[in-house]
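**Q** fold the following and give me the result.
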Amino acid sequence: MRSIGGFAVTCVTVFCLIVFSSLPAQADGNRYENLMAKLASARSQSEADTLSSEIWRIWLTAPDEVAQEVLDAALVRRRSRDYLGAIRQLDRLIGGWPDYAEGWNQRATVHFLRGDYDASLVDVAEVLAREPRHFGALSGKALILYRQGRTALALITLREALRHNPFLRERAMLEALGGTEL
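**A** Alright, predicted model coming up:
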């Protein structure tokens, strides 16, 4: 009888930990959704820049402290142009936290910087599978498609990015892609 009571206490404790630990994440999720909605309807570059910065801050917040350390190490390596070192860190991040979209996006960025567009597109697909509104990944994909001469797909992808962030700097590509209207 005593072991059943202990089991019940353990179950209640675990349940409470799960429920209460998810509350801040849900609040962050609501804040994120609100920011994305406001960004999609932004009326000025200044407003979009402010909202976009907040969204990037959320994206660059890893799931836990260990993941954050790995991400930060990768970003330091990327800034110093140690792309292979950055990829090693991002491989570790993706291996440990495969659902974290920004891990994939950062690795896509490093592949892009190395000129490995095909590898970048593979990682962008992973980002978009996890967050289809990731305007950074979408605009990066549009740029790659443009550089590959796939202008029709680049235009479609850029328009999708601009649906989520109408003031992206890459908006200037519209004219080069032959489509000035969204």
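**Q** tell me the domain ranges of the chain?
**A** 44-116, 132-182 (automatic domain parsing).
**Q** save those as CSV, and put in mean neighbour count too.
**A** Placement of C-beta: from N, CA and C, glycine included. Output for those, formatted as CSV (neighbours: other C-beta atoms under 10 Å):
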stretch, mean neighbour count
domain 44-116, 17
domain 132-182, 18
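**Q** going by mean pLDDT, which of those comes out lowest?
**A** Sorting the domains of the chain by mean pLDDT places domain 132-182 lowest, at a mean of 90.
**Q** distance from the chain centre to that one, please.
**A** 16 Å (C-alpha atoms, centre = their mean, to the nearest Å).
**Q** per-residue confidence for residue 41?
**A** 97.
**Q** please list all residues in contact with residue 100.
**A** By C-beta atoms under 8 Å, 6 or more residues apart in numbering, the residues touching residue 100 are 62-63, 67, 93-94, 130.
**Q** how about a cut-off of 10 Å?
**A** 59, 61-64, 67, 71, 93-94, 106, 127, 130 (C-beta atoms under 10 Å, 6 or more residues apart in numbering).
**Q** and those, which two are the farthest apart?
**A** Greatest spatial distance in the contacts of residue 100: 64 and 127, 19.6 Å, computed using C-beta to C-beta.
**Q** what's the nearest residue to the most centrally placed residue in the chain if we skip its chain neighbours?
**A** By C-alpha atoms, centre = their mean, the chain has its centre lying nearest to residue 102, at 3.7 Å. Counting by C-beta to C-beta, 6 or more residues apart in numbering, residue 102 lies nearest to residue 59, which is 4.6 Å off, once chain neighbours are set aside.
**Q** please apply the same query to residue 166.
**A** residue 42 is the one closest to residue 166 (C-beta to C-beta, 6+ apart), at 6.1 Å.
**Q** who touches the one you found in this structure?
**A** 48-52, 165-167.
**Q** for residue 73, same thing?
**A** 85-86, 88-90, 92-93.
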